[in-house]
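Novice: Structure of the sequence below:
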Amino acid sequence: MTKSRTRVGPLAAAAGTAPALDVDALLDDPHTRIVVCCGSGGVGKTTTSAALALRAAERGRRVVVLTIDPARRLAQSMGIEALDNTPRPVLGIDDAAGGSLDAMMLDMKRTFDEVVLSQATPEKAQQILANPFYVALSSSFAGTQEYMAMEKLGQIHRDADYDLIVVDTPPSRSALDFLDAPERLSSFLDGRFIRLMLAPARGPARLMSAGLGLITGALTKILGAQVLRDLQTFVAALDTVFGGFRQRAQQTYALLQARGTAFLVVAAPEPDALREAEYFVERLSEDRMPLAGLVVNRATRPPHGDLGADEAMAVATRLRDDPSAAPTAGLLRLHADRARMVERERRLRQRFTAAHPGVATAVVPALAGDVHDLTGLRRVGQLLSDGALPG
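Specialist: Below you'll find the model as predicted:
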C-alpha cells in the first residue's frame, strides 16, 4: 500500500491522534489519476466525491466524477438536470487554473449494451440485446452494477482525456464488491452448468454424450424448447462476448492497485459508521489497494470557550432556581451537551486510530444545511483541505 498524504509525523498516532490527511497534496499530485471514495450509506460520500472533484478541477486538473450511487444528489448539487452514462460538463466552475469538470452516473444496462455492441458483430449484438436472459441479467442481476462499474472505470481511463477520475461507490460493504467482479465473472463463466450449456456450441454433435442428451431433454420439458434455446444462445454469447470483459476487468483491478490510485474511506463520527470504516481499511489492506486516508464527515464543532461540560452543567444547576437566569442556564446546558458530543466523537476517532495507527484523517465539521450547489461543494472542499478539528 502507498503511504497516506499527511501533514504531521507518526508521533501523532502514538499520542492517540491520527496524522492529518493532506487533501490538496493528494489532488495536486500529477501521479494521482484515480480517487475512489468508499464507505457505508448516509455518511456524505457522494458530497465528498463531488467536493473533491470540484476542488481538483479548480486547482487546474481535468476531472470527471463517476457516481455509482443511485442517489441523484450529485446532479442537483452540480446544477445538472440529470446525470447519465455520458460525461456532462459542469458549468460555473472557476477555470482560471486551466481545469475542467465533467460528471456522470453509471447506467449499468447501457454500459452492458455498449460492451455487447463493441465486442460482437452487428447481427450477433442484436440477437444478444433481444435475448430475454440478457435483458434480465443486464437490468437486475445481482452484481451487474459492480461488473459494469469496473467496465466503465476502465473505459474512462483508456479512452477519455482526463487526468483525474473520482469514483463515488455504492453504499455499505457492497462498495467493495467491484473488487471481486473479475473473479466472480470468471467463476460464473467457468462454472459446471455454463460448460454444460456450451457443450453443443463448442464441439461436434457426435461428442454429445447420452447423459447430456438426457439432461437437455429434461430441461426442454421443464423450460420449454424456446426458453432452452434462448438460454443456450445467451450462454454462448457470454462465452464469446465477455471473455474480453473479463480480461479488461482484471486490468482495471490491477489499475486500482497501482500507484496512481488512492482510496478514501468516508465515515461519520458514529460507532457503526467507524466500524464499517475499519472493515474497508482492513479489506483494502488485504487486497493491497492504496489507501490515502479516512474522511470523518459531520463532526460536531467544539463549543466556544474553554468551559468544560461538567463545569457548564454545574453552573446551570446552580442557576436553576433563579427564573431570571433561565436563558443562561439553557445555554450552559446546550454548551455541556455539545462538549460531551465532541468528547464522545474524539474517543471514537482515537479508538479507530489505535486499531489503525498511521491512517491519515481529515475531520469535516457538520454544516448548518444541506449542500445543494457549487458554493456548498466549495465550502466542503475547503473544510476537507483544512482537515482537522481540535483533538
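Novice: Only C-alpha atoms from now on, for both contacts and neighbour counts.
Specialist: Will do.
Novice: And the pLDDT for the residue nearest the centre of the chain?
Specialist: Nearest to the mean C-alpha position of the chain, counting by C-alpha atoms, centre = their mean, stands Thr169 at 2.0 Å. Per-residue pLDDT puts Thr169 at 84.
Novice: how near is it to Ala267?
Specialist: 13 Å (C-alpha to C-alpha, to the nearest Å).
Novice: what touches both of the two?
Specialist: Gly39 (C-alpha atoms under 8 Å, 6 or more residues apart in numbering).
Novice: tell me what the strand or helix carrying Gln126 is packed against?
Specialist: For Gln126, the element it lies in under DSSP states H and E is helix 122-130. For helix 122-130, the elements it packs on are helix 108-119, helix 225-257, judged by 3 or more C-alpha pairs under 8 Å, 6 or more residues apart in numbering; DSSP states H and E.
Novice: could you say what helices and strands the very next helix or strand once past it packs with?
Specialist: Counting by DSSP H and E, the element after helix 122-130 in chain order, helix or strand, is helix 132-140. Using 3+ C-alpha pairs under 8 Å, 6+ apart as the contact test, the elements touching helix 132-140 are helix 108-119, helix 225-257.
Novice: just to revisit the earlier point, can you flag the weakest of the helices and strands packed on helix 122-130 by average pLDDT?
Specialist: helix 225-257 (a mean of 69).
Novice: residue ranges with poor pLDDT in this protein?
Specialist: 1-16, 69-73, 137, 140-144, 171-176, 178, 181-246, 388-391 (pLDDT under 70).
Novice: Counting residues, name the longest strand you see in it.
Specialist: Ranked by residue count, the top strand of the chain under DSSP state E comes out as strand 291-299.
Novice: just checking, next helix/strand downstream of that strand?
Specialist: helix 309-318.
Novice: got the phi/psi numbers for Gly60?
Specialist: phi 110, psi 10 (degrees, to the nearest 10).
Novice: So what's the residue count around it?
Specialist: Neighbour count of Gly60, defined by other C-alpha atoms under 10 Å: 18.
Novice: swap in Asp29?
Specialist: That count, for Asp29 with other C-alpha under 10 Å as the rule, works out to 11.
Novice: With Thr121 instead?
Specialist: Counted with other C-alpha under 10 Å, Thr121 comes out at 11.
Novice: distance of it from Ala254?
Specialist: In terms of C-alpha to C-alpha, Thr121 sits 29 Å off from Ala254.
Novice: repeat for Asp84
Specialist: For Asp84 relative to Ala254 (C-alpha to C-alpha), the value is 26 Å.
Novice: more neighbours, the two?
Specialist: Just comparing Asp84 and Ala254: by other C-alpha under 10 Å the higher neighbour count belongs to Asp84, 15 against 12.
Novice: Wasn't that one part of a strand?
Specialist: No: read with DSSP: H, G, I helix; E, B strand; the rest coil, Asp84 is coil and lies in no strand.
Novice: can I assume it is in contact with Arg110?
Specialist: No: between Asp84 and Arg110 there is no contact, the gap being 9.5 Å when judged by C-alpha atoms under 8 Å.
Novice: Do a quick rundown of the strands in the stretch 51-200 of the chain.
Specialist: Under the criterion DSSP state E, counting those that start in this stretch, strands of the stretch 51-200 of the chain are mapped to 62-67, 88-89, 100-105, 164-168.
Novice: And the ones you listed: which comes nearest Thr317?
Specialist: Closest to Thr317 of these is strand 164-168 (C-alpha to C-alpha; 47.7 Å).
Novice: on contacts alone, who are the packing partners of the closest one?
Specialist: Packing contacts for strand 164-168, counted by 3+ C-alpha pairs under 8 Å, 6+ apart, involve strand 34-38, helix 45-58, strand 62-67.
Novice: Mind doing that once more with 10 Å?
Specialist: strand 34-38, helix 45-58, strand 62-67, strand 100-105, helix 144-159, strand 261-267 (3 or more C-alpha pairs under 10 Å, 6 or more residues apart in numbering; DSSP states H and E).
Novice: buried set for that strand?
Specialist: Leu164, Ile165, Val166, Val167, Asp168 (16 or more other C-alpha atoms under 10 Å).
Novice: Need these in CSV (columns: distance to Ile80).
Specialist: Below are those laid out as CSV (distance: C-alpha to C-alpha, whole Å):
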residue, distance to Ile80
Leu164, 20
Ile165, 18
Val166, 17
Val167, 18
Asp168, 17
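Novice: Closest to Met341 out of these?
Specialist: Of the buried residues of strand 164-168, the one sitting nearest to Met341 (C-alpha to C-alpha) turns out to be Asp168, at 28.9 Å.
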